[in-house]
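Participant: What shape does this take:
(one chain, ligands or ions: 2)
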Amino acid sequence: MRIVVLAGGIGGARFLLGVRAVARETGADVTAVINVGDDVTLHGLRICPDLDSVMYTLGGGADPERGWGRVGETWTVKDELAAYGAEPTWFGLGDKDIATHLVRTRMLEAGYPLSAVTEALCDRWQPGVRMLPASDDRVETHAVVEVDGATRAIHFQEWWIRYRAGIPTQRFVFVGAETAKPAAGVLDAIAAADVVLVAPSNPVVSIAPILAVPAVREAVATGPAPVAGFSPIIGSAPVRGMADKCLEVMGVECSPAGVGGLLGARSAGGVLDAWLVDESDAGAQVPGLTVRAVPLWMTDEAATATMVRDALATVGVA
Ligand code: GDP
Ligand code: CA
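Facilitator: Ligands and ions are numbered 1, 2, ... in the order given. You can find the predicted model right below:
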């Protein structure tokens, strides 16, 4: 069995732990297509937060409490940059993490595509799944906001971390997406997949930028494999993070049905066949989708693996 997963960072990484557990039982092969919309250049370093969250988590090097970055991290460089007054100061750059960004930046500057850089970094971390960036091209999520009476576009990281998603926001733009091509291997993986899983990642700023690459969306929407998605919303709130604020910008109700409708049924121009919602949301309906209610709390790897098995059974590939 071949499984393709579309995923963002922290939620995506936790989900992939469960997918990997199922793959180890069944001998399945897993390709994770990861969001690059959060990627940003700071202090001359190319930073790929979602790729790193997945790589560190699957490689056993993530900080379980913070959810992002390295366990046992130190912050000497960040403090030194602050002492120079070097902007921005709002981004958490740990010393160990910086080594990753140094290696990545150097390889990108030498001309390697991000997918090749990711593969090289994964030589160390051995995540146990194939990790591909959605695109080797620049696809960057920006928020169009009002600051000090003026309308301007700021990088998603600035919106999320510096402003805590708390300023008047008109919309999100995925800069570069229209002309971006899928990274090498992405289309082949989707075409050869027996099933495509959409992780319970942020639908607006993790899943949407992946699908904003036109050929990726086309491949998922029209490909041979059934597509099952998982709701990141339980009840009327995200399990973690600020997806509610992102959905508000989109004018989409913060509910499993709202997010399911945003991703939409393949039969109606969307990307899903099946939509898994939490057992407490049984009764939720989305036009055109098979909705299944099962426990969706990723409390540990075993619980997450059960979610994955439920999805495979729902689309008839287990
Ligand atoms: P980010 O890129 O680091 O923001 O992470 P993702 O976009 O991959 O995932 C964030 C989403 O994961 C949030 O919207 C959360 O609601 C969702 N999430 C986190 N933990 C859980 C969980 O245990 N169950 C479900 N269903 N969703 C979760
Ligand atoms: Ca992210």
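Participant: Trp297 belongs to a helix, doesn't it?
Facilitator: No: counting by DSSP: H, G, I helix; E, B strand; the rest coil, Trp297 is not found in a helix; it is coil.
Participant: Near the closest residue to it other than its chain neighbours, how many other residues are there?
Facilitator: Closest residue to Trp297 apart from its sequence neighbours, by CB to CB, 6 or more residues apart in numbering: Ala303 at 6.3 Å. C-beta: built from backbone N, CA, C; applies to glycine. Residues near Ala303, counting by other CB atoms under 10 Å, number 13.
Participant: Spit out the contact partners of whatever residue of the stretch 101-250 of the chain ends up closest to ligand 2.
Facilitator: Residue nearest to ligand 2 within the stretch 101-250 of the chain (CB to the ion): Ser206, separated by 5.0 Å. Neighbouring residues of Ser206 by CB atoms under 8 Å, 6 or more residues apart in numbering: Ala7, Gly8, Gly9, Gly11, Gly12, Asn35, Gly37, Asp38, Asp50, Ala199.
Participant: Using the three-state scheme, assign it.
Facilitator: Ser206 is classified as helix under three-state DSSP.
Participant: Show me what the helix or strand encompassing the residue nearest to Trp297 is packed against.
Facilitator: Assigned by DSSP states H and E, Ala303 belongs to helix 301-314. Here helix 301-314 touches helix 10-26, strand 195-198, strand 227-230, strand 274-278, strand 290-294, going by 3 or more CB pairs under 8 Å, 6 or more residues apart in numbering; DSSP states H and E.
Participant: Go through these and name the closest to Pro168.
Facilitator: helix 10-26 (26.1 Å; CB to CB).
Participant: residues contacting Glu301?
Facilitator: Leu17, Gly18, Ala21.
Participant: Reformat the contacts of Ser206 as JSON lines; add distance to Leu262 and neighbour count.
Facilitator: Below are these laid out as JSON lines (distance: CB to CB, whole Å; neighbours: other CB atoms under 10 Å):
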{"residue": "Ala7", "distance to Leu262": "17", "neighbour count": "30"}
{"residue": "Gly8", "distance to Leu262": "15", "neighbour count": "30"}
{"residue": "Gly9", "distance to Leu262": "19", "neighbour count": "27"}
{"residue": "Gly11", "distance to Leu262": "16", "neighbour count": "25"}
{"residue": "Gly12", "distance to Leu262": "17", "neighbour count": "29"}
{"residue": "Asn35", "distance to Leu262": "16", "neighbour count": "33"}
{"residue": "Gly37", "distance to Leu262": "16", "neighbour count": "32"}
{"residue": "Asp38", "distance to Leu262": "19", "neighbour count": "25"}
{"residue": "Asp50", "distance to Leu262": "19", "neighbour count": "29"}
{"residue": "Ala199", "distance to Leu262": "15", "neighbour count": "29"}
